[in-house]
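*Asks:* Okay, here's the prediction I keep looking at, along with the sequence it came from:
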Amino acid sequence: MRKTQMVTDRELEIMKILWARGRASVREVQEDLNRTAGPVAYSTVQTLLNIMEDKKGLVRHVVEGRTFVYIPKKSSERTIGELTRRFVDRVFDGALDRVMVALLGSRSPTADELDRLRAMIDEAQRQSTLRAEDCLEPCAVEDY
């Protein structure tokens, strides 16, 4: 099984289009990119999609008539989760507290964002406690 590799900004824009549409031809991706991110050549989009399929395993294609239609291989949640884990491991050596310090230092969160973060931390702590309690059950030890 191939690991999800880091994606370029343009590849991520393409993935977002495919996740939103579910599937798209090269022309449809190009049109969406031209509307949202500025002009990009058809051949550039085609090359990027080929790389995203052949080398990175992010998309697959089906042939409909003479048109290649590209489909994301994984959901946005799964792909973003994998990319985030790799980023945290590579940049922060897996230290979540360092990630949060960097994020909170990059801009001031709103009161609503802080409330949601507190709720997420509380839920993560509750889940962690439940998992720890499951591991504390006594184990049978056989006499020798």
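*Replies:* Done, it's in.
*Asks:* OK, contacts around residue 16?
*Replies:* By C-beta atoms under 8 Å, 6 or more residues apart in numbering, the contact set of residue 16 is residue 76. Bear in mind the C-beta positions are built from the backbone N, C-alpha and C, glycine included.
*Asks:* tell me which residues in the host helix or strand of it are buried?
*Replies:* If you go by DSSP states H and E, residue 16 is part of helix 9-21. By neighbour count on 16 or more other C-beta atoms under 10 Å, the buried set for helix 9-21 is 11, 13, 14, 15, 17, 18, 21.
*Asks:* got those as a markdown table, with distance to residue 51 and pLDDT columns?
*Replies:* Listed next are the buried residues of helix 9-21 as a markdown table, based on distance: C-beta to C-beta, whole Å; pLDDT from 0 to 100:
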| residue | distance to residue 51 | pLDDT |
| --- | --- | --- |
| 11 | 8 | 94 |
| 13 | 14 | 95 |
| 14 | 10 | 97 |
| 15 | 12 | 96 |
| 17 | 16 | 97 |
| 18 | 14 | 98 |
| 21 | 19 | 97 |
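*Asks:* Tell me if I'm right that residue 49 and residue 59 touch.
*Replies:* Yes. With contact defined as C-beta atoms under 8 Å, residue 49 counts as touching residue 59 (6.4 Å).
*Asks:* Quickly list what's touching both of the two.
*Replies:* residue 70.
*Asks:* for the protein, longest helix please?
*Replies:* helix 111-135 (DSSP state H).
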